[in-house]
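Asker: Just the structure for this:
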Amino acid sequence: MKKHQVGISTGIGRLHLVSSAAAVAPHVEVSLITGFAPRTDGTTARMLKLTNAGSKLVSRLSPRRPVSLGDCPIYQCTAPEVALSLCSPLSRRCGYAVNERTKRVCWQWFGWNSRRYIKELDVLHVRAGAGQGGLINAAKRQNTKILVDYSIAHPKFADQIAAELGGRDISFSINSRSPFWQLVEEDAQQADLILVNSDFVRETLVDAGFADEKIRTAHLGITETFRGLKTDYAISGPLKLLFTGTFGLRKGADTLVQTIRLLSKQGIDVKLTALGVVSPDVRRMIHEAELPLYHFPGFVSKDELRRHLSQSDMYVFPSNLEGCAQSLKEAMAAGLPVVTTRESGGPVTDSQTGIVCQRNKPRQFADRIAKLLESEDDRKRMGSAASDLIAQEHTWDEYGRSVAHIYEELIHRDA
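Answerer: Here you go, the predicted structure:
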């Protein structure tokens, strides 16, 4: 039986869709449309490796061609991605409006370039924002079904969060007035179905006016290498809290800093480790808060990340706005007790697979952390339950089967 032909467009940047392509490859004939993705053994890569900076670039881009993709055709739309990379520093200096328009033009250019690679497709699975420039219209003219991949909360929800934070920047410039995010909206409106990665994202889309029956959910996978890393739930010395990702306002850095201050006032010694970029505003906030123990090593290797997950006492992720944070799910897979928000998008059931607090409520975070600190049994019970949940329901194999079923539904819905 002939497999269905599916094209997956990552848009500019990798996001999760390269892994998505590898996951669905056993079920369909898949091709990948992406940005710059040189073969590591190709002429371009060999030339780049002549310099240290070029070698680092090849290494950074290598995940765009994972071995798991096998012989899957990979089509590169290099020019729009390079143009955006070169223009972004200048356009940011010219102000928010210029930067967002520049981003919109480059993404439209990416969609326009992509049209040549969609012949004879049954389904176009496209990252939201990468379908304009005529791509979705061209696909519809040849009766290709459109699945738009929408991986973060709707901009109207972001507007609400920004208002709550007093208009402060919440990173990524997610808002309904952005020319780029209007592209994302146009893609979602034109989709036959919208694919989201969490029930939270689904809720924000429904609240923004999308029909629930137009939305499907598939949970991104977590690799087995994170499974069951946490084995010792006893705590000695300071309470070791771990955060991973960009440590800024959107992800609740201010809430976490205030939480630690409140814990310190209760006589609880806390050491915070944040793995990732720490914004200058947050660094100033930490200095003003006079946190006694903190460690900011930046981004670390996967091996180093796994070491931190195994040795920390709790994972705290007080995010205001996500899609479904993979970093949170990695901590859950490791068996580390997690304390987070509904807006993290994570599959956390309060008091069962972790602790769920209201966003921007440091007092609530502090109280729940202090209570969890008192019970090794609860930490072990929640950590183990979370690890089991991720192992059973959040694997790439399960994701591949779920998305392949959605493709099948799309293809046969009008038959």
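Asker: quick one, helices of the stretch 201-350 of the chain?
Answerer: Applying DSSP state H, counting those that start in this stretch to the stretch 201-350 of the chain gives helices spanning 253-265, 280-289, 302-311, 326-334.
Asker: Output those helices as TSV; include the columns distance to Gln358.
Answerer: In this view, the C-beta of every residue, glycine as well, is placed from N, C-alpha and C. Putting the helices of the stretch 201-350 of the chain into TSV (distance: least, Cβ to Cβ, whole Å) gives the following:
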stretch	distance to Gln358
helix 253-265	10
helix 280-289	20
helix 302-311	25
helix 326-334	17
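Asker: For Gly383, which of the ones you listed is the nearest?
Answerer: Nearest of the helices of the stretch 201-350 of the chain to Gly383, taken as Cβ to Cβ: helix 326-334 at 8.0 Å.
Asker: what's the angle from that closest one to helix 302-311?
Answerer: Inter-element angle recorded for helix 326-334 and helix 302-311: 60 degrees (by axes from the mean of the first three to the mean of the last three Cα atoms, to 10 degrees).
Asker: Mind listing residues that contact helix 326-334?
Answerer: 16, 220, 222, 226-230, 242, 244-245, 305-306, 309-310, 315, 317, 338, 340, 344, 346-348, 353-354, 383, 386-387, 389-391, 394 (Cβ atoms under 8 Å, 6 or more residues apart in numbering).
Asker: Of the residues you listed, which belong to strands?
Answerer: Judged by DSSP state E, the subset of the contacts of helix 326-334 located in strands is 242, 244, 315, 317, 338, 340.
Asker: Buried subset of those residues as a PyMOL selection?
Answerer: Those of those that count as buried under 16 or more other Cβ atoms under 10 Å are selected in PyMOL with:
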select buried, resi 242+244+315+317+338+340
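Asker: Let me know the closest of the ones in strands among the contacts of helix 326-334 to Val30.
Answerer: Using Cβ to Cβ, Thr244 comes nearest to Val30 of those, at 29.9 Å.
Asker: Name all residues that make contact with the closest one.
Answerer: Applying Cβ under 8 Å, 6+ apart, we find Thr244 in contact with 274-276, 305, 308, 315, 317, 327, 330-331.
Asker: mind redoing it with 10 Å?
Answerer: Contacts for Thr244 (Cβ atoms under 10 Å, 6 or more residues apart in numbering) come out as 251, 273-276, 299-300, 305, 308-309, 315, 317, 325-328, 330-331.
Asker: Write the PyMOL selection for whichever of those are buried.
Answerer: When burial is assessed using 16+ other Cβ under 10 Å, the buried subset of the contacts of Thr244 is captured in PyMOL by this command:
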select buried, resi 251+273+274+275+276+305+308+309+315+317+325+326+327+328+330+331
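Asker: And the ones in strands among the contacts of helix 326-334, which is closest to Pro26?
Answerer: Taking Cβ to Cβ as the measure, Pro26 lies nearest Thr244 of those, at 30.0 Å.
Asker: how near is that closest one to Arg141?
Answerer: Noted for Thr244: a distance of 44 Å to Arg141, by Cβ to Cβ, to the nearest Å.
Asker: Check Leu242 too.
Answerer: Look at Leu242 and Arg141: by Cβ to Cβ, they are 50 Å apart.
Asker: now swap in Leu220 and tell me
Answerer: Note on Leu220: its distance to Arg141, by Cβ to Cβ, is 31 Å.
Asker: go on, Val30?
Answerer: For Val30 relative to Arg141 (Cβ to Cβ), the value is 22 Å.
Asker: Could you check which of the two has the larger neighbour count?
Answerer: Neighbour count, other Cβ atoms under 10 Å: between Val30 and Arg141, Val30 has more, with 27 against 9.
Asker: Now do the same for the more buried one: helix, strand or coil?
Answerer: Three-state assignment for Val30 (DSSP: H, G, I helix; E, B strand; the rest coil): strand.
Asker: Can you tell me who it pairs with across the strands?
Answerer: Val6 (DSSP bridges).
Asker: you'd agree it is up against Tyr75?
Answerer: No. Counting by Cβ atoms under 10 Å, Val30 sits too far from Tyr75 to count as a contact (11.7 Å).
Asker: Touching both of the two, which residues are there?
Answerer: Gly7.
Asker: which regions of the stretch 101-250 of the chain lie under the pLDDT threshold?
Answerer: Within the stretch 101-250 of the chain, the segments meeting pLDDT under 70 span 167-173.
Asker: And the residue nearest to Ile355 when sequence neighbours are not counted, how close does it get to Met314?
Answerer: Using Cβ to Cβ, 6 or more residues apart in numbering and skipping the chain neighbours, the partner closest in space to Ile355 is Val339 (4.3 Å). Distance, Val339 to Met314, using Cβ to Cβ: 6 Å.
Asker: which residues do those two both contact?
Answerer: Residues touching both Val339 and Met314 comprise 241, 354-355, 369, 372, 382, with contact defined as Cβ under 10 Å, 6+ apart.
Asker: Out of those residues, which is nearest to Val206?
Answerer: Lowest distance from Val206 to the shared contacts of Val339 and Met314 (Cβ to Cβ) belongs to Gly354, with 24.6 Å.
Asker: Tell me what the closest one is bridged to.
Answerer: With DSSP bridges applied, Gly354 shows beta-bridge pairing to Asp350.
Asker: Burial check on Pro26, number of neighbours?
Answerer: Pro26, neighbours per other Cβ under 10 Å, totals 14.
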